[in-house]
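# Just a sequence and a predicted model for now, questions to come.
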Amino acid sequence: MSTDLGLPSIGGGLDLVPTTDAKQTAKDYTSDQEVRWCPGCGDYAVLAAVRQFLPTLGIKRENTVFVSGIGCSSRFPYYLNTYGMHSIHGRAPTIATGLAVSRPDLSVWVVTGDGDSLSIGGNHLIHALRRNVNLKILLFNNRIYGLTKGQYSPTSEVGKVTKSTPMGSLDHPFNPISLALGAEASFVGRALDSDRKGLTEVLGAAAAHRGSALVEIFQDCPIFNDGSFDLLRKPETKDQRLVPVRHGEPITFGPEDDTFAVVQRGFRLEVVKAADVDPVEIMVHDARNHELAFALSRLSDQDLNHTVTGIFRNVDRTTYDDAARAQVQQAKDNNPNADLQALLNGRDTWTIAG
Amino acid sequence: MTSNETAVTPSGGEHDVITKDRVVIRFAGDSGDGMQLTGDRFTSETATFGNDLSTLPNFPAEIRAPAGTLPGVSSFQLHFANYDILTPGDRPDVLVAMNPAALKANIGDLPHGAVLIVNTDEFTKRNLTKVGYEQSPLEDDSLADFQVHEVAMATLTRGALEETGLSKKDAERAKNMFALGLLSWMYHRPHEGTERFLREKFARRPELAEANILAFRAGHAYGETTEAFAVTYEVAPAKLEPGTYRQITGNTAMAYGLVAAGQTTGLPVFLGSYPITPASDILHELSKHKAFGVTTFQAEDEIAGVGAALGASFGGALGVTTTSGPGISLKSETIGLAVALELPLLVIDVQRGGPSTGLPTKTEQADLLQAMYGRNGEAPLPIIAPRSPGDCFHAAVEAAAISVRYRTPVIVLSDGALANGSEPWKVPDASTLESVDPEFATEPNAPDGSGEFWPYLRDSETLARPWAIPGTPGLEHRVGGLEKADGRGSISYDPDNHDRMVRLREAKIDGIEVPDLTVEDPSGEADVLVLGWGSTYGPIVAGARRVRNLGHKIATAHLRHLNPMPANLGEVLASYRTVLVPEMNLGQLALLLRGKYLVDAKSYTKVSGLPFKAEELQDVFLDYLTGTHPNTTGTSTDATAGTNGSGNGASLGVQA
Ligand code: SF4
């Protein structure tokens, strides 16, 4: 039996969060804790971007909460002068869910890594996404375990030689974007740690989105997986490989004189030379199209051959937390004088006289 | 039991009425026969009538075990009396057996002379063979010790429903209501509640409501008009403490306690839970009470349930999670985090038989040490155990008060017997429940005048830390599982600081104020103390009453607070020659007492999945009182009596 839920309408991600007119800066969002990642770690770039970005939201700092799990990136909350919790391995989405459901006035962010969110916490990640709780998940993907000193992760390429796999890793990796889309995520984006502009754009859209947002951030771990995303950074390769997408725009990339385009071939997408196809054949990105988003996530395998960045999917769907609060409100409206004594008495009482 | 008969009065009609002080009835049938519902209804009628009562539902873990088999038998036992009783009763005076499997599974528990009401329609060759009867026990003399009433319940029910146009199969399904009607007649139970209940239950299918009511009335009429039953029984209302009463199960009382805790603390209640037997009914019940500002979240797993509850607590709600032993195993890491975060969190463990999946629908008390120590590191937390179904309410309210006042997770140890068992409950006056102010932090508190907020600066009296919730300006701070600097709360790996913080967390829990243990010893001269905890309260006190009635002196006490334990406990233990601890585990409380108080506590243990019986404990107590227990005067070895030892009620042949 199902019932018409009369679901609340969908607004923006920060609609219920108190705003401020006071000017805020990155410094306001910087805590007094010394940052302790390894020199050259990609986490620094992300932290700097986030510190720059948060003040632009115009919400009260005290209404911002960062929740993390365990791993190098999960130290993130300590370095932000907001409310924060460094929780336990893999469980940050559960804690953030309870917080977001009970506090609509907060902007809730989850910081997690590939091991934290896709290995030990895989179950929580997919359920947070399918429920569409209003929280933003930043998945720092460095394709390795850093904090435990270099074992392969669920996004490591097959055959990876690490401390725990001296003869090469055997298991097939997750594609985090495909996984999130398969888990019914209403917002899925991706950016590169070093791409301040691209990252900030995705973060902004995620914050404005009402519901769960998954943002995969390719992050370099120079200590245990050095240069893992170099193909996407080096000038000589990046243009042929990075495929930035934007809703409503044709999907083309590469140097101006040698542009590539994404076209549909059967059920798949393919990369072709733009000059070789009729421009009407070029796929126009539509972030509301689930199938297209999935096809984009499959453009390259573990080899980073063609790597899409930007916003894969961005659709409105009633959030779990809004709906849960609406049910509580509806129950209160239906029973405005809910009385504890009446509840305790129930319907059948009898009295023993003194 | 006949000793309880106080009068035989001819009713003036065709049936004599015998007045009794107490009666134990067991309804037994196939899982699909609706025995739990039948028992529940008889219980409600009995509660409305004003008897004291106690119930023991007993059902298989399978939703539908193969029909007609021994593993598929489901039963419901009810003990009711004209005085205050403490247990669901040892041996049934009346057994209603709906099929051969039910008869076979339960006949061993019947005392001589018991009344046996059998649904003969199910005693077919096939059903008999299924449970290994070569010949029908109704046709040989194997039941000669009992007063057997053979009633073709399915046939009679079908007959009564002929006019309704229901199919034969549907009509026969109402036979449990026929049985209920018959028993209601035999024991002079009121009818109105059951008829109203059936009308509401089948509100969408009025034809089924009418069919069940017809069957119920037919059972009643059958008793009244046939000659088969010569007597009916009367059990006068009990003279309980004055007040307003209702019937309640432990799980319902627990749910109400959580709703009440939201009111007493002024906090919205957030339940994060994952379905698990026998705790799910708390989730079901709470999800009906959103009007009280209760949010229920059915999580993807046990870990997410407690995680969400803890997240809600961080945000200033009263986070609660409900589960059973296997769920506690999964939640342990998060409970440890809550210990480190020092945030309120209620963890309700409705214990069941273990280890692992164990016996999901049976009761046990074997999670005590898990609650106490089942986390990595030194991770102390308060533990409270209710003693009766209705007491689950008060345990929940008290756990919330401690949790909020001391900023700590609290574990409440209920169990399957409390959860599903029911009793008349003196309804508390909601206005007298003590309220607790959560006292959220609102101002920076740094003692150095820096204007900073120090999240781990403790209250000098309770050692509790401030609870500063997101949204409070100026108090932005970070918490986490890493060790924190005393006071300031930033990450600290300093050896001395860690040593200090471990001791501070321990001292905070040790310093929680709990009432002194009260000992019941009417003689004031007992030298044997029986100390229990949790759901064994009923059988322990009932067993003690019995031995006192036989002229012995015995003291009893019941531990509600398992951590911290009452301040006077050591003194109490030291003042008795023998301390006996009956537990439904292999001696977990005894181990704690021995370790903490260096007392030679004796254990009586049983883990059969069923509660202790009063008679069984009476015999154990007598063994200790008369010095016949093999280990009473023995060495320091733990005296663990098995179920085959003195616990079977045969050792001294003393019956109450
Ligand atoms: S181990 Fe790798 S991911 Fe971790 S801090 Fe060092 S560089 Fe960054």
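Great, that's in hand.

# Could I get the full set of strands for the stretch 251-354 of chain A?
Using DSSP state E, counting those that start in this stretch, the strands of the stretch 251-354 of chain A run over residues A:252-253, A:260-265, A:268-273, A:307-314, A:350-352.

# For B:P564, which of those strands is the nearest?
Proximity to B:P564, assessed across these by Cβ to Cβ, is greatest for strand A:350-352 (35.9 Å). From N, CA and C alone the C-beta is placed, and that goes for glycine too.

# That closest one pairs with which strands?
Sheet neighbours of strand A:350-352, with direction, are listed as strand B:243-249 (antiparallel) (DSSP bridges).

# Can I get the strands of the stretch 251-354 of chain A in a markdown table including mean neighbour count?
Conversion of the strands of the stretch 251-354 of chain A to a markdown table gives the following (neighbours: other Cβ atoms under 10 Å in any protein chain shown):
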| stretch | mean neighbour count |
| --- | --- |
| strand A:252-253 | 19 |
| strand A:260-265 | 18 |
| strand A:268-273 | 15 |
| strand A:307-314 | 24 |
| strand A:350-352 | 14 |
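
# for the host helix or strand of B:L156, which positions count as buried?
B:L156 is located in helix B:153-160, with elements delineated by DSSP states H and E. Using 16 or more other Cβ atoms under 10 Å in any protein chain shown as the burial criterion, the residues of helix B:153-160 that qualify are B:M153, B:A154, B:L156, B:T157, B:R158, B:A160.

# From the centroid of chain B, which residue is nearest?
Centroid check for chain B by Cα atoms, centre = their mean gives B:L418 as the closest residue, at 0.5 Å.

# ok now do that residue, which residues does it touch?
B:G250, B:V350, B:T363, B:P386, B:S388, B:P389, B:D391, B:C392, B:G534, B:S535 (Cβ atoms under 8 Å, 6 or more residues apart in numbering or on different chains).

# Skipping its backbone neighbours, what lies nearest the fourth one in space?
Think B:P386. If you skip the residues right next to it in sequence, B:P386 has B:A395 as its closest partner in space, 3.8 Å away by Cβ to Cβ, 6 or more residues apart in numbering or on different chains.

# So in terms of bridging, what pairs with B:V479?
Beta-bridge pairing for B:V479 (DSSP bridges): A:M85.

# A:N225 too?
A:N225 has the following beta-bridge partners by DSSP bridges: A:C221.

# what helix or strand does residue 43 sit in?
This is for chain A. Secondary structure from DSSP H and E places A:D43 in helix A:42-53.

# wrong one, I was asking about chain B
Going by DSSP H and E, B:T43 is in helix B:35-49.

# Residues contacting that helix, please?
When contacts are taken as Cβ under 8 Å, 6+ apart, the neighbours of helix B:35-49 outside the stretch itself are A:348, A:350, B:25, B:27-29, B:53, B:55, B:57, B:59, B:74-78, B:80, B:98, B:176-177, B:179-180, B:183-184, B:187-191, B:193-194, B:197, B:237, B:245-247, B:422, B:424.

# Next, the buried residues of it.
In helix B:35-49, counting by 16+ other Cβ under 10 Å, buried: B:35-49.

# Only C-alpha atoms, please: export that helix in CSV.
As requested, the backbone C-alpha atoms of helix B:35-49 are provided in CSV (Å, rounded to 0.1, in the frame of the first residue of the first chain):
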residue,chain,number,x,y,z
MET,B,35,-2.5,-17.5,19.2
GLN,B,36,-0.6,-14.2,20.0
LEU,B,37,-3.7,-12.2,19.1
THR,B,38,-5.9,-14.6,21.1
GLY,B,39,-3.6,-14.2,24.1
ASP,B,40,-3.5,-10.5,23.7
ARG,B,41,-7.2,-10.2,23.7
PHE,B,42,-7.7,-12.4,26.7
THR,B,43,-5.1,-10.3,28.4
SER,B,44,-6.9,-7.1,27.6
GLU,B,45,-10.2,-8.5,28.9
THR,B,46,-8.4,-9.6,32.0
ALA,B,47,-6.8,-6.2,32.5
THR,B,48,-10.1,-4.4,32.0
PHE,B,49,-11.6,-6.8,34.6
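
# sorry, back to before: please name whichever of the buried residues of helix B:35-49 scores lowest on pLDDT.
Taking those together, the minimum pLDDT is found at B:T48 (87).

# Point out where the stretch 201-350 of chain A drops to low pLDDT.
Flagging of the stretch 201-350 of chain A using pLDDT under 70 yields an empty set of residue ranges.

# picking that back up, just the ones of the contacts of B:L418 in strands?
Among the contacts of B:L418, the members found in strands (DSSP state E) are B:V350.

# quick check, nearest of the contacts of B:L418 to A:T309?
The shortest gap between A:T309 and any of these belongs to B:V350, at 49.4 Å (Cβ to Cβ).

# For residue 232, grab the count of nearby residues.
No chain specified, so I'll use chain A. The criterion is other Cβ atoms under 10 Å in any protein chain shown. On that basis, A:L232 has 17 neighbouring residues.

# wait, I meant chain B there
Other residues lying near B:T232 total 17 when counted by other Cβ under 10 Å.

# before we move on, what SS does it have?
At B:T232 the chain is in strand, as set by DSSP: H, G, I helix; E, B strand; the rest coil.

# Now do the contacts for it.
Under the criterion of Cβ under 8 Å, 6+ apart, the contact partners of B:T232 comprise B:S11, B:H15, B:D16, B:V17, B:I18, B:W185, B:M186, B:Y187, B:H188, B:G223.

# List only buried entries from the contacts of helix B:35-49.
Burial of the contacts of helix B:35-49 was assessed by neighbour count (16+ other Cβ under 10 Å); the buried members are A:350, B:25, B:27-29, B:53, B:55, B:57, B:59, B:74-78, B:80, B:98, B:176-177, B:179-180, B:183-184, B:187, B:189, B:191, B:193-194, B:197, B:245-247, B:422, B:424.

# Run through the residues of the stretch 251-400 of chain B sitting next to chain A.
Proximity of the stretch 251-400 of chain B to chain A is assessed by Cβ under 8 Å from any Cβ of the partner chain, with B:256, B:259-260, B:263, B:268, B:270, B:272, B:289-295, B:297, B:299-301, B:303-317, B:319, B:333-334, B:336-337, B:341, B:393 identified as the residues in range.

# In helices only, show me those residues.
The helices in this structure, assigned by DSSP state H, contain B:256, B:259-260, B:263, B:303-314, B:333-334, B:336-337, B:341, B:393 from those.

# which of those residues come close to the ligand?
Counting by Cβ under 6 Å from any ligand atom, the subset of those that neighbours the ligand is empty.

# Just the buried residues of these.
When burial is judged by neighbour count using 16+ other Cβ under 10 Å, the buried members of these are B:256, B:259-260, B:263, B:303-314, B:333-334, B:336-337, B:341, B:393.

# now for whatever helix or strand comes next after the helix holding A:D43, which elements pack on it?
Sequence-wise, the next helix or strand beyond helix A:42-53 is strand A:64-68, with elements assigned using DSSP H and E. With contacts defined as 3 or more Cβ pairs under 8 Å, 6 or more residues apart in numbering or on different chains; DSSP states H and E, the secondary structure elements packing on strand A:64-68 are strand A:83-86, helix A:92-102, strand A:107-113.
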